[in-house]
Every structure is written in C-alpha cells, then in structure tokens.
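A.B. asks: Quick one: sequence plus predicted model below, questions after.
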Amino acid sequence: MSRRLPVYLLLDTSGSMRGERIESVKVGMQALVANLRQDPHALESVHLSVISFDRDARVLCPLTALEDFQPPVLDCPETGATHLGEALKTVCQCLDNELIRGTSERKGDWRPLLMIMTDGKPSDTAEFNRWSAEIRKKGFASIIACAAGSSAKAEPLKKVADHVVELDTADGASLTGFFKWVSTTVSSGAMSMAVVPELALPPPPPEVHIVV
Amino acid sequence: MSSTVTSLRLPNASVGKDYQGLLGDLLSADGSRIEHLDVTLPENSGLAFDKEGGVIRGIPALAGELEVEVTLVSRATRKILLTVNPDPSSLWKNLPSDPEGRFAKPDFASGYLQTPDLHVIAASQRGRSHAHEGKYRDDDFAIHYLPESGWHLFAVADGAGSAEYSRRGSQIACQTVIGELTARLSVDNPLDAVLGDGSTDPDEALKRPLWDFLVVPAFEAHKAINREATDAGVEPKKFSTTLLVVIAKRFGSRWFHAGFSVGDGGSAVLDAGNLLPLSKPDGGEFSGQTLFVTHARIFEDTSSLMERVCFGFLPSPSFLALMTDGVTDPKFPSDSSLADPVTWEQFRTELTAATGLEAPSEETAGCLLRWLGFPSPGNHDDRTLVVAIPKQAARAKPESIIPDEQALPPTLEAPPPSEILVPSSQDESFPTPP
C-alpha cells in the first residue's frame, strides 16, 4: 500500500463565477487531472477532493484516488455570497475524517495540499478569520490561494495561504494556465514528498503572478 | 445545451487491468430506458460490449478519454465518457545521469567478495525517481576483508535527496570508514585482545574498544566530508548522508558482529530464529526525515553516541544484511518489523529464491542488482543491499579469493577527474539493469 498525497481543491461557485468563469474552472480542473494522470508518481499517490463554496460549502467529491477520480459537476447558484470561512471549516472537518496518520504499524499520508480559488473576497469575515487560523494548524504541506480576476482580493488570502497568486483576468486561458501550474506543483510534491519536508513551487506561467 | 450528456461517465479503467463497466445502471439513473441497442467503442481499445449483461468489459489497451457511443431503442444516441488511466510503469523514464557532471558516479554498482568463511554480495541501484529525471544515484556501499586479522568490513550509505552533492557524501562516508577500520583492525589490535580472551561478560570491556573502532571511524567520515566540502567551497550539508557500518569476525566456534548507524535503513544478522539488530534507525515525524552523519550535533553528545553501537556473539549466523531505506521501506513496512526475526526470515527466503543465494558466485551480484529493480508502488528511492552468507563445508581455494582492491565498488578515492578509474573488466560483465 503506498502512501497517499491528499490534495484538496476549494472552488468558488458564488454568483460572480457564473458563465464563462465556471466553465473555465471546469476545463482547468480537467486539465489538472489529465496532467496528473501522465505522472507516475501522482498516479500512485495523489488523492483528490473537490469542495465548492458560495453561501454554503459542499463536498462535491470526497478524497478519491486519482485513478478513480471523475471531475464533479460545478453549479453556481443565483446569489453572490462568498462564504470562504464556512468553506475552510468544511475542509478542516473533511481532513479530520479522511487523513490517515502514521503509526508504528502503518504508514500515514503525506502532508496534504490545499488549493483555494476565488474571484472575490470572503463575505463571512468573522468565520473566515477564525477558520483561517484553524486551518493553518492542520499541517498542510502547502496552502495555495488564487485570486482570479479584477474583483478578487489577494490581501485577505494572505491570512490563510502560504502562497497567494493573482490572475489578472478569470478567463479560460488564465484559469487553464493556473490549473496546469497547480498540477506541476502537485507532481513535484508527489515526487519530492519522501525527500523534502517543504514544497518548493515550480516557476509559474506568465498569467500567474505570485503575490506572496 | 446539446442532447449529448457529457457528464455521464462510466467508472474509470486502467491500461492492463481487467475492467467491467455496467452500462444499464448508468443510463437508467439518467432517466433513459435501458434497452440499448448498440454500443460503439473506439478501435483497438481492448474493450467489448456484452449485450446480455449490459456490460462493457475487457482489458484496456489504450490510455486516454474514450468516447463510448450508445444507440438507444429510439435510435437516439448518447455519448458516455470512459477515462482509461495509463499503466504507471509505462510512464517511468530511464535517463542516464551526466557522466561529466560534478562528482559524477555510475548509475549502478555491484561487488562480490569471497573470504575463507563468507560470501559477500553487494549491489546498489539508482531508483526510478532519479532515473525519471536523469539524476545521480545517491546511495553507495563498500565491502572489504582483512586477511591478516580476519575482519570483514561492510558499509552502506544513503545520500540525502535534498542535498545537492550527497552522491559524493555517501561515497566519502563509505570509503573513509572502511579505510579507518582497515588501519585500526590490524593484527594484534586491542579489540581482538578483548574478544579473544573468552571472557564471559565482555560488554563493559568492549565499550572502549568499540568506541575506538566504530564511533571514531564514523567521526572520521564526518570530518572527511567536512574537509572535502571546505575544499570544494560548498556547505557540508550539501553532502548529507546516512551511514551504516558493520564489522564481523569468527572467533573459533562463534562469530562477533558489531554495528554503528546514523540515519535510516537497517542492518542485522540472523542465526536460526534469533535476530541481532546491528543498527538503530533514526526516524522523524514525517517519512524522509532522518539524521545524517554530517550533523555535527550527533558527535557532540558523547553519552548518546554509544547507544548507536550494537554488538553480540552468535554461534552460527546464517544471514547478514545491511540496506538503505530504498530496501527497508518496501520490505520492512513498519518500524516494528525491522526488529522482528520472522520478517527478516521472510526477507531472506524471498531474496534467496530470487537471486540464487544458496550457491553464491560472481553472477549473484548481477542477480542482486536486477532484483533491486523490483516494482513497489510509492517506493522509488535508490536501493542498496549488502549480504553475507556463510560458506558451506568445502573451503575456497586461496587463488579464488578476489583481491582486495576489486572488493570496492567502481568509485573513486577523490577528484581530480583525470585520475578517475576506468571500470575494471570485472565490472563490464555486470548485466544492464532493467
């Protein structure tokens, strides 16, 4: 039994994401998964979970082995609320239920990765502050947050993420480029997990500006 | 929205793995009537439609996103997606490392040594992770026999993956420690004096000599790495490596073994159902975290240094092995199994059957090297293994004993590159690894 590398994808499905943006996220997610399927390290270890959030947070896909993973349907409801705090709380709960910790009899998971994608700013500020602090104690190898588009705010994301990246536009090309970069990051994580405790980020594509 | 429901998916498949996908359930969940008429699958997919069972089955031959077209009773068609994962073993690349690079060394090595009492076989194979990227083998080993004093010397080392020149660190560690032991374990050395006098409780008497003969040589390896790093203008931590050392000698009707270790991996000697561990693995909170012989603080705390020394007498050992974590991780999956004689006996049985260890010869080293290529999902580190087996009744003729200088792997003493040894003819007979 080989050790799992859990990867959590937290995706904004608030009203502003409707239309082309959410379509681009779907395409991006498919690109991420297709890339990972070409990587022998990833095929053996990566497990993916997809959680969407708007007013509520929904676990669209619990932690699933890459070879069994099928991208879930992403729907955007009418309202515009972006409850990222609630979403982070949900990730914490999933992690507590799903993560396998090592014992002397059994090898545990590698330290998990979290990728957050949003095009706005958190509207549940108190919850966001609380759960940002909580999630940073959970032992993620890396938390990467993406502020996509001109309305997105990178500043609040610095509270929760080790690395914040900005996309100037939340269009198809940018989002696909971003998701491909995430797949390279996950791949290098899958390759180096046994070797290096910290995750070094690969160079990003031109559309992706690393803020932190 | 088109009528093609692209969100409909069959469960994923994998190349080379038996597949069965129930079509009926899928369509009925969608609300369609399940009296499908026909199913079209891509050519050469390796899959076929079993109409009676309403199942797509077979062994997929091609990776990718397959489109399965289903024609319903009403003559309408539906496209259903089927993801076929590639076979991970087909994705591994094997790129040779750069022979002109700094501190370059061969991607694999092996050795065989015959002494009056033992066959010693060693092999070191670059792992799939490094091969995939054309990186160097970071592991190393050294085996040696001192005919005048009768001591057998063994060492394995695993260079840290994150340390840029750890391939050189592991080399220096093995060669230095063997060199120091060779100089110290001459005829009439103090260790022999204590061991040979037949005292029934030599433990206290052995502490001082074992310090001199195991801890100090390891410390010399630490210093040798520091010196070379300084000369190269590089931080010593870029040469970080683990180190496991074992010395063994027969005293009349019993054997004495002693070992010293820094880092992970493992070594032990088996005698019937008894296991004498010769190393104490250093682990961290996360896998991959361990200690290295380059860490100065290990040698600063003298009281805990002796705890790294293991030793004992055994009447008739049958199997000695030293290995890096590339072998212990897949073969001794939990920490507790490294101290379990049953797991070691299973390991010995598997190894003997796979490599012909019951009748060792020069060819056995090549077999061991090939065996080190065994598949193990998630375990793609460099793999190094040194094994010693007692000889059977017939003694070897003196001329069949391999000269000492050929006992060392085809690696070098030190730069400059102009003095790099060309692999000897013995090495050219080693088969290409898989």
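C.D. replies: Ah, there it is.

A.B. asks: Low-confidence ranges, chain A, go.
C.D. replies: Chain A contains residues with pLDDT under 70 at A:1, A:104, A:193-198, A:212.

A.B. asks: where exactly do the helices run in it?
C.D. replies: According to DSSP state H, chain A carries its helices in the segments A:20-37, A:40-45, A:84-98, A:125-135, A:154-157, A:172-192.

A.B. asks: residues contacting the residue of the stretch 251-400 of chain B found nearest chain A?
C.D. replies: Nearest residue of the stretch 251-400 of chain B to chain A, counting by Cβ to the nearest Cβ: residue B:378, 2.4 Å away. C-beta here means a position set from N, CA and C on the backbone, and glycine is covered the same way. Neighbour list for residue B:378: A:1-3, A:44-45 [criterion: Cβ atoms under 8 Å, 6 or more residues apart in numbering or on different chains].

A.B. asks: tell me which of these is nearest to chain B?
C.D. replies: So of those, ranked by how close each gets to chain B (Cβ to the nearest Cβ), first place is residue A:2, at 2.4 Å.

A.B. asks: Could you find the closest non-adjacent residue to the spatially most central residue of chain B?
C.D. replies: Closest residue to the average C-alpha location of chain B: residue B:383 at 2.1 Å, with Cα atoms, centre = their mean. Once flanking residues are discounted, residue B:383 sits nearest to residue B:326: 3.6 Å by Cβ to Cβ, 6 or more residues apart in numbering or on different chains.

A.B. asks: And the one you found, its phi and psi?
C.D. replies: Backbone torsions of residue B:326, given as degrees, to the nearest 10, read phi -60, psi -20.

A.B. asks: Save the contacts of residue B:378 as a markdown table, and put in distance to residue B:114 too.
C.D. replies: A markdown table is the format used below for the contacts of residue B:378 (distance: Cβ to Cβ, whole Å):
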| residue | distance to residue B:114 |
| --- | --- |
| A:1 | 39 |
| A:2 | 38 |
| A:3 | 40 |
| A:44 | 40 |
| A:45 | 42 |
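
A.B. asks: Just the buried ones from those residues, in PyMOL syntax?
C.D. replies: With 16 or more other Cβ atoms under 10 Å in any protein chain shown as the criterion, this PyMOL line picks the buried residues out of the contacts of residue B:378:
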select buried, chain A and resi 3+44+45
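
A.B. asks: Of the contacts of residue B:378, which ones also sit close to chain B?
C.D. replies: Among these, the residues that sit close to chain B (Cβ under 8 Å from any Cβ of the partner chain) are A:1-3, A:44-45.

A.B. asks: Point out where chain B drops to low pLDDT.
C.D. replies: B:1-7, B:24-37, B:198-202, B:284-289, B:393-434.

A.B. asks: Apply 50 and report the result again.
C.D. replies: B:1-5, B:285-286, B:393-434 (pLDDT under 50).

A.B. asks: Next, give phi and psi for the most far-flung residue of it relative to its centre.
C.D. replies: Ranked by distance from the centre of chain B (Cα atoms, centre = their mean), the top residue is residue B:74, with 60.2 Å. In terms of degrees, to the nearest 10, the main-chain angles of residue B:74 are phi -70, psi 0.

A.B. asks: after the strand or helix carrying residue B:366 comes which helix or strand?
C.D. replies: According to DSSP states H and E, residue B:366 maps onto helix B:362-371. Remark: after helix B:362-371, the chain's next helix or strand is strand B:383-390, criterion DSSP H and E.

A.B. asks: in that next one, what's buried?
C.D. replies: For strand B:383-390, by 16+ other Cβ under 10 Å, it's B:383-389.

A.B. asks: relative to helix B:362-371, how tilted is it?
C.D. replies: Between strand B:383-390 and helix B:362-371, the angle comes out at 150 degrees (axes from the mean of the first three to the mean of the last three Cα atoms, to 10 degrees).

A.B. asks: and strand B:383-390, what other elements does it pack with?
C.D. replies: When contacts are defined as 3 or more Cβ pairs under 8 Å, 6 or more residues apart in numbering or on different chains; DSSP states H and E, strand B:383-390 packs onto strand B:118-125, strand B:139-146, strand B:151-158, strand B:319-323, helix B:325-331.

A.B. asks: and residue A:50, what are its bridge partners?
C.D. replies: Per DSSP bridges, the residues bridged to residue A:50 are residue A:9, residue A:61.

A.B. asks: Could you report the distance from the residue lying closest to residue A:173 once chain neighbours are set aside to chain B?
C.D. replies: Nearest non-adjacent residue to residue A:173, counting by Cβ to Cβ, 6+ apart: residue A:207, 6.8 Å away. Counting by Cβ to the nearest Cβ, to the nearest Å, the gap from residue A:207 to chain B is 25 Å.

A.B. asks: Residue A:207: what's it in contact with?
C.D. replies: Contacts of residue A:207 (Cβ under 8 Å, 6+ apart): A:167-169, A:173-174, A:177-178.

A.B. asks: chain center to stretch A:49-60, what's the gap?
C.D. replies: Computed by Cα atoms, centre = their mean, to the nearest Å, the chain-centroid distance of stretch A:49-60 equals 11 Å.

A.B. asks: got it, and stretch A:154-171?
C.D. replies: 12 Å.

A.B. asks: Touching that stretch from outside, list them.
C.D. replies: By Cβ under 8 Å, 6+ apart, stretch A:154-171 touches A:17, A:20-21, A:24, A:88, A:116, A:118-119, A:121-122, A:128-129, A:132-133, A:135-136, A:142-150, A:152, A:174-175, A:178, A:201, A:204, A:207-212.

A.B. asks: Now that we have those, which of them are buried?
C.D. replies: Buried, going by 16+ other Cβ under 10 Å: A:17, A:21, A:24, A:88, A:116, A:118-119, A:121-122, A:128, A:132, A:135, A:142-149, A:152, A:174-175, A:178, A:201, A:204, A:207-208, out of those.
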